[in-house]
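A.B. asks: missing the sequence, but the structure's below:
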Ligand code: SF4
């Protein structure tokens, strides 16, 4: 039985990884290859990770219960959480039974994400590009699976935050803004609760130094976006009644 998780980082964070104060576990390994990834040390499961039994993690989380103020709890992020979906779903079920608020952050591009979607109280999903071919070529992600997973969550009427990392030379401009908005329109039509939020994350290079330290080359250039590029997407989303939040 799968009774352990590989983790490359853990610690508390307030509000950016779900509601309130949260204990955040970064699970090792990712199926995608985004060239701007700020956690290159977490992309391969075998590197930089430590193996913990589910009971070790469960006990640690329970011992931190007092710290989960402002509706906080525990968040599992990555890498990509769905690569360890079987073990993680067992842990999340136990945490729910113990009254802990649970959240995942996912790239949503694996079929296995569907094991986690109905279990968590809050879900954060990336939606990096509405262009199927470009997404595949640049990140290795499968747009159809991403859309299916996001729709599955929406159909459950449970809270969902969709994050768009806005990146020059990748997903900016009018056409992309319209395609992002069109997808949100589809989602709002499918949902009764309307608890679907969008957040625009602008390109940064916070992880760039890590590449040097790991002897990897950082291959993405000119990704920074202007305020005009941000405003274009923002106004297109607002025009379509998308609820934009900033965490
Ligand atoms: S999906 Fe996230 S963790 Fe995976 S490579 Fe892309 S940015 Fe990095």
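C.D. replies: That came through fine. Predicted model only: the values in this text are computed from it and were never measured.
A.B. asks: what does this structure have sitting close to the ligand?
C.D. replies: 30, 32-34, 37, 39, 43, 78-80, 107, 139 (C-beta under 6 Å from any ligand atom). Where C-beta positions appear, they are placed from N, C-alpha and C, glycine not excepted.
A.B. asks: how close does residue 101 get to the ligand?
C.D. replies: Per C-beta to the nearest ligand atom, to the nearest Å, residue 101 is found 23 Å from the ligand.
A.B. asks: didn't that residue look like it was pressed against residue 68?
C.D. replies: Yes - counting by C-beta atoms under 8 Å, residue 101 does reach residue 68; the two are 6.8 Å apart.
A.B. asks: nearest to residue 161, of the residues of the chain next to the ligand?
C.D. replies: residue 107 (13.6 Å; C-beta to C-beta).
A.B. asks: Against residue 146, how distant is the residue nearest to the closest one when sequence neighbours are not counted?
C.D. replies: Excluding the flanking residues, the one nearest residue 107 by C-beta to C-beta, 6 or more residues apart in numbering is residue 126, at 4.9 Å. According to C-beta to C-beta, to the nearest Å, residue 126 stands 8 Å off from residue 146.
A.B. asks: More neighbours: which of these two?
C.D. replies: Higher neighbour count among residue 126 and residue 146: residue 146, with 25 against 22, using other C-beta atoms under 10 Å.
A.B. asks: mind listing what that one touches?
C.D. replies: 107-109, 125-127 (C-beta atoms under 8 Å, 6 or more residues apart in numbering).
A.B. asks: So which of these belong to strands?
C.D. replies: 125-126 (DSSP state E).
A.B. asks: okay, the contacts of residue 146 in TSV with distance to residue 235 next?
C.D. replies: Output for those, formatted as TSV (distance: C-beta to C-beta, whole Å):
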residue	distance to residue 235
107	26
108	26
109	28
125	23
126	22
127	18
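A.B. asks: Could you list the low-confidence segments of the protein?
C.D. replies: For the chain, applying pLDDT under 70 flags the ranges 1.
A.B. asks: picking that back up, looks like the residue nearest to residue 107 contacts residue 104 (just checking).
C.D. replies: No - Residue 126 is beyond contact range of residue 104, at 11.5 Å (criterion: C-beta under 8 Å).
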